[in-house]
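Enquirer: Build me a model from this:
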Amino acid sequence: MKYYYYAQEGNRLGPLTLDELKKKRLKQNVLVWTEGMETWKPAGEVIELADIIFQEPPPLPVDGLVDQEVSRPKKVILNPESENTDSRHEGNDPRSVAFLLIILMITLYFSDLNIDSGKERAVFASVFIVIRIGIARWVFQIANRLNRNSLGWGIFSFITPIVALLIIGNLKKLIFEVKLDENLSKNQNALNLLEQVNKFYKVGRYSECLILLEKVSDLVIENTQVKYLRASAQFKLKMYEEARVDFESLIENSAFGSDSLLYLGRISIAKGLREEAVSNWTIAKERGNKNAQYFLDLNHEFTGRYLLDSTELKRKIGEQLLFFLGSWPYIDGILAIEESSQLHSPRTILSVYENGLDVQISRDNTASHIGIAFYEINDIVYNSANDTMEITGQNFTIKFSYNLENESKVRLKKLCSTFEHKEGKPLSCSNIFE
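Expert: The predicted structure follows:
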């Protein structure tokens, strides 16, 4: 029979059988030890204890209080002073689009375009209405992001799109302040603020989330839900160190543990600590997090495995195709391909996905897919002397002909930029653009 020990307030208690241990209602962070374990581990990391760990109920919304009847969400009033940080240019600049529309209007005015029939006029009018609706929707989103009257700006931009784009392109983001309802208790005001935080979070307004959560912490004792929301917003804003502190605190308090481990893994990836990330995701998976396997697939499960079927390929490099790189004659480098396919004069077809490369080597109706994650690539080298490209990793090499024409040069530059964004380091082939 197997016996267990557990730690409580610095004391070692036991030995206990599994049934006896179950009566102790251990939490996930309680240290346990049994024969065969090299060191003490949190109970949540011991697989055979998964069914006996005491599961705490989720935290109440604010300071342990039950949500009472809550008034309508508080209003956010705007301070007329502008922030120093200007968020107008998240994406395309509205002013640039306005100038393009002006050029288009002038071109149409001086062109010989004849629209005589009623059908042609109807089509032309429909196109302009669609453009107006698209601009109105875009301006609505910009106004919302700048803390301005989004509905008013949406209507204004539908009526006069060019003028609206020029004006809103020169506006800066307004600082907002929170006005609390004096007729409500602190807890009810805090609940209203949390409701607004959730709305802001859904539309990507993470800076505003942090401002509101700071106000919530001023009103009530900070609980785990507030801390989790704050850490999530900090992560979205790439405030990784601040987010890490909050997520680790949540894990210590056995709250949002598996989700916090998932975020800690993503923070580790952002810092280039892949082994640490895999460790966090593995524990999160053991604790029942359904999303952990997705990150393990992209960053660990298929490491060193390259010849994959279609399902495995998607799990390793993702499903989102970013762009097609091109097709060139295959030379050599992957022994498994050469032995299994026995192709003559095969071609290399490269596609760039969200997490790596799909290198398809094919001839006629026979094809093999090689999935290479970005983190597995050591370098991509272009040899101008013989027009070849070579992709190298820890235990693989792929070499193929590569004619650096204008179109392929643009796509190669895009690949170098994507890789550097993902892995934080440049590729040797990027030197051809200097």
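Enquirer: SS state for the closest residue to Trp153 other than its chain neighbours?
Expert: Of all residues beyond its chain neighbours, the one nearest Trp153 is Ala143 (3.8 Å), with distances taken as C-beta to C-beta, 6 or more residues apart in numbering. C-beta coordinates here come from the backbone N, C-alpha and C atoms, glycine included. In the three-state summary, Ala143 is assigned as helix, counting by DSSP: H, G, I helix; E, B strand; the rest coil.
Enquirer: residues touching Ala143, list them.
Expert: Contacts for Ala143 were tallied using C-beta atoms under 8 Å, 6 or more residues apart in numbering; they are Asn149, Ser150, Gly152, Trp153, Gly154, Ile168.
Enquirer: Could you do Tyr206 as well?
Expert: Tyr206 makes contact with Phe200, Ala233, Gln234, Lys236, Leu237 under the criterion C-beta under 8 Å, 6+ apart.
Enquirer: now do 7 Å
Expert: For Tyr206, the residues meeting the contact criterion (C-beta atoms under 7 Å, 6 or more residues apart in numbering) are Ala233, Lys236, Leu237.
Enquirer: Nearest to Leu104 among the contacts of Ala143?
Expert: Using C-beta to C-beta, Ile168 is the member of those that sits closest to Leu104, with 19.2 Å.
Enquirer: and that closest one, backbone torsions?
Expert: Per-residue torsions, Ile168: phi -70, psi -20 (degrees, to the nearest 10).
Enquirer: Give me the neighbour count for it.
Expert: Other residues within reach of Ile168, judged by other C-beta atoms under 10 Å, total 21.
Enquirer: that older thread, what about the contacts of Tyr206, which one has the most neighbours?
Expert: Neighbour counts for the contacts of Tyr206 were taken using other C-beta under 10 Å; the highest belongs to Ala233, with 25 neighbours.
Enquirer: How is the protein divided into domains?
Expert: Taking automatic domain parsing as the criterion, the chain consists of the domains 4-49, 76-175, 310-433.
Enquirer: among those domains, which is nearest Leu213?
Expert: Using C-beta to C-beta as the criterion, the shortest distance between Leu213 and the domains of the chain is 13.9 Å, found for domain 76-175.
Enquirer: I'd like the average pLDDT over the closest one.
Expert: Taken as a whole, domain 76-175 has a mean pLDDT of 77.
Enquirer: One more: stretch 322-332?
Expert: Regarding stretch 322-332, the rounded mean pLDDT is 84.
Enquirer: Next, the buried residues of stretch 416-433.
Expert: Buried residues in stretch 416-433, counted by 16 or more other C-beta atoms under 10 Å: Cys416, Thr418, Phe419, Lys422, Leu427, Cys429, Ser430.
Enquirer: all strands of the protein, in order?
Expert: In the chain, strands defined by DSSP state E lie at 4-8, 11-16, 31-34, 41-42, 76-82, 174-178, 321-332, 347-353, 356-363, 366-373, 377-383, 388-393, 397-401, listed in chain order.
Enquirer: Tabulate the ones you listed in CSV, adding columns for distance to Ser111 and mean neighbour count.
Expert: Rendered in CSV, the data for those read as follows (distance: least, C-beta to C-beta, whole Å; neighbours: other C-beta atoms under 10 Å):
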stretch, distance to Ser111, mean neighbour count
strand 4-8, 82, 17
strand 11-16, 87, 14
strand 31-34, 78, 19
strand 41-42, 72, 18
strand 76-82, 41, 11
strand 174-178, 41, 15
strand 321-332, 33, 16
strand 347-353, 39, 20
strand 356-363, 44, 21
strand 366-373, 48, 20
strand 377-383, 44, 16
strand 388-393, 45, 20
strand 397-401, 45, 18
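Enquirer: Comparing those strands by mean pLDDT, which bottoms out?
Expert: Of all these, the segment with the smallest mean pLDDT is strand 76-82, scoring a mean of 44.
Enquirer: what's across from Thr392 in the sheet?
Expert: On the basis of DSSP bridges, Thr392 is bridged to Asp379, Thr397.
Enquirer: From Val178, how far off is it?
Expert: Using C-beta to C-beta, to the nearest Å, Thr392 is found at 55 Å from Val178.
Enquirer: What of Leu350?
Expert: Noted for Leu350: a distance of 52 Å to Val178, by C-beta to C-beta.
Enquirer: sorry, back to before: ok, so of the contacts of Tyr206, who is nearest Leu193?
Expert: The closest of the contacts of Tyr206, once distances to Leu193 are taken by C-beta to C-beta, is Ala233, at 13.5 Å.
Enquirer: Please look at the closest one and Cys209 and confirm they touch.
Expert: Yes - look at Ala233 against Cys209 with C-beta atoms under 7 Å: they come within range, at 4.2 Å.
Enquirer: any residues in contact with both of these two?
Expert: Residues touching both Ala233 and Cys209 by C-beta under 7 Å, 6+ apart: Tyr201.
Enquirer: I'd like the strands of the chain as CSV, with distance to Leu213 appended.
Expert: Putting the strands of the chain into CSV (distance: least, C-beta to C-beta, whole Å) gives the following:
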stretch, distance to Leu213
strand 4-8, 34
strand 11-16, 38
strand 31-34, 32
strand 41-42, 28
strand 76-82, 14
strand 174-178, 11
strand 321-332, 34
strand 347-353, 36
strand 356-363, 36
strand 366-373, 36
strand 377-383, 39
strand 388-393, 43
strand 397-401, 48
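Enquirer: Turn the buried ones among the contacts of Ala143 into a named PyMOL selection, would you?
Expert: Command for PyMOL, covering only those of those found buried under the criterion 16+ other C-beta under 10 Å:
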select buried, resi 150+153+154+168
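Enquirer: Just the endpoints, please. Distance across stretch 368-382?
Expert: Chord length of stretch 368-382, first to last residue, is 23 Å (C-alpha to C-alpha, to the nearest Å).
Enquirer: can you tell me which residues contact Gln28?
Expert: Taking C-beta under 7 Å, 6+ apart as the definition of contact, the neighbours of Gln28 are Pro42, Ala43, Gly44, Ile53, Ser254, Gly257.
Enquirer: Pull the most distant pair out of these.
Expert: Greatest spatial distance among the contacts of Gln28 (C-beta to C-beta): Ala43 and Gly257, at 11.6 Å.
Enquirer: returning to what we had before: now for the strands of the chain, which one comes closest to Glu312?
Expert: Across those, closest to Glu312 is strand 366-373 (C-beta to C-beta), at 7.1 Å.
Enquirer: Off-centre distance for the closest one?
Expert: Mean C-alpha position of strand 366-373 versus that of the full chain (C-alpha atoms, centre = their mean, to the nearest Å) differs by 26 Å.
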